[in-house]
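Undergrad: My questions concern the predicted model and sequence given below.
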Amino acid sequence: MNGLADKRVFISGGCGDIGRAVAARFLTAGAKVVLGDVLQSEEGVRVAEALHSSHALYTPCDVTSASSVENSFRIAEEEWKGIDVAVCCAGTVANEPFLQITEAHWERTLNVNLTGSLRVAQAAARLMMKNAPDERKRRGAVIFTGSWVQSMPWPEGGSYCASKAGQEMLMKVMAQELAPHGITCNVVAPGIVYAGLSRAIYDSDAVFRQRANQTIPLGRLCSAEEVAGAFLYLASIDGTYVTGTTIVVDGGASLVRRDLSSH
Ligand SMILES: NC(=O)c1ccc[n+]([C@@H]2O[C@H](COP(=O)([O-])OP(=O)(O)OC[C@H]3O[C@@H](n4cnc5c(N)ncnc54)[C@H](O)[C@@H]3O)[C@@H](O)[C@H]2O)c1
């Protein structure tokens, strides 16, 4: 994809499975990447080193703390003199039946997945405002990691679905407000990815596994690498005119299925 060479990319949750896959694709396209993650520093540095590029950097970043987010963007700015692309990828999940959702789990999920994305997107957009517009008048791109369940209820996913649905609306409001400043805002909404959050549940929970297998018309879970391309598209020249929308990469999971009895 064109227009990614030398782009400065910040990825929150960048040490996770999807974050790493996105980082690897950006690096291959010639971009510079900062992985911001809540992992212990040594582990974060190890993840960045495993990408085998002098253009991959780790910085501690806890999206539940405004000062931590600001500090990690300060480090990114010192290192790369600014940011062109921000990917909000930090995420957490706690699936539980609606009647048993605890306030602690609800608040934690919203704090990481929704308010955390606000903190990262705000810090990123403030930096992007300092960028000179490119030839297509773009100053920067903010890309949220949503989920197909931001629009489709998933059983026992009350807090997670609500957090991702809220994030999608936040993206739309941001897109509207920041368009005049040349900042595009979009969501990439993966389906069920055999990675990170879902992989652990898929491998350990037979009910989830059966539901997941029945849900995807393409008949298999997605890989982290298969999701990554959508992020690059939105950050590339081809994505310059795309703002305020969601790219769903879900193998058709959002299609309502009425043929399950024949399977
Ligand atoms: N795996 C899936 O099926 C799937 C599907 C749709 C959307 N997603 C979304 O993709 C994103 C990445 O998920 P993943 O599957 O790669 O999981 P993952 O667990 O591998 O990655 C999540 C990363 O977020 C980091 N993180 C958690 N809390 C944080 C905090 N407070 N501050 C900073 N970083 C924090 C974790 O350390 C981890 O590196 C999440 O937003 C998730 O909701 C995943």
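TA: Everything's here; your move. Numbering: from 1, shown residues only.
Undergrad: And the longest helix seen in the chain, what's buried?
TA: For the chain, the helix with the greatest residue count under DSSP state H is helix 158-178. Buried positions in helix 158-178, judged by neighbour count with 16 or more other CB atoms under 10 Å: 158-168, 170-172, 174-175, 178. C-betas here are computed from N, CA, C, even on glycine.
Undergrad: what's next to it, contact-wise?
TA: Here helix 158-178 makes contact (CB atoms under 8 Å, 6 or more residues apart in numbering) with 88, 93-96, 98, 101, 105-106, 109-110, 112-114, 117-118, 121, 125, 142, 144, 146-147, 149-154, 183-187, 189, 243-246.
Undergrad: do stretch 123-136 and the ligand meet?
TA: No - between stretch 123-136 and the ligand, judged by CB under 6 Å from any ligand atom, nothing touches; the nearest distance is 12.8 Å.
Undergrad: and if you look at stretch 48-64?
TA: Yes - contact of stretch 48-64 with the ligand (CB under 6 Å from any ligand atom) involves 61-64.
Undergrad: where does Tyr160 land on pLDDT?
TA: In this model, Tyr160 is scored at 98, pLDDT.
Undergrad: Distance of it relative to Val227?
TA: 17 Å (CB to CB, to the nearest Å).
Undergrad: For the protein, which residues are neighbours of the ligand?
TA: Listed as neighbours of the ligand in the chain under the rule CB under 6 Å from any ligand atom: 12-13, 15-19, 37-39, 61-64, 89-92, 112, 116, 145, 147, 190, 192-193, 195-198.
Undergrad: Which of the residues you listed fall within strands?
TA: Taking DSSP state E as the definition of strands, these contribute 12, 37, 145, 190.
Undergrad: Which of those ranks first by neighbour count?
TA: Neighbour counts for those (other CB atoms under 10 Å) peak at Ser12, which has 33 neighbours.
Undergrad: from memory that residue sits against Asn113, does it?
TA: No - in terms of CB atoms under 8 Å, Ser12 does not count as a neighbour of Asn113; the distance is 10.9 Å.
Undergrad: Mind listing the shared neighbours of these two?
TA: Contact criterion CB under 8 Å, 6+ apart; residues shared by Ser12 and Asn113: Ala90.
Undergrad: Please work out which residue of the stretch 1-150 of the chain is closest to the ligand.
TA: Gly16 (1.9 Å; CB to the nearest ligand atom).
Undergrad: burial of that residue, as a residue count?
TA: Count around Gly16 with other CB under 10 Å applied: 23.
Undergrad: Next one: the nearest residue to it once chain neighbours are set aside relative to Thr145, how far apart?
TA: Once flanking residues are discounted, Gly16 sits nearest to Gly196: 5.0 Å by CB to CB, 6 or more residues apart in numbering. Shown here: Gly196 relative to Thr145, a distance of 11 Å by CB to CB.
Undergrad: Over to Thr245?
TA: From Thr245 over to Thr145 (counting by CB to CB), the distance is 15 Å.
Undergrad: And the strands in the stretch 1-150 of the chain?
TA: For the stretch 1-150 of the chain, applying DSSP state E, counting those that start in this stretch gives strands covering 8-12, 32-37, 56-60, 85-88, 140-145.
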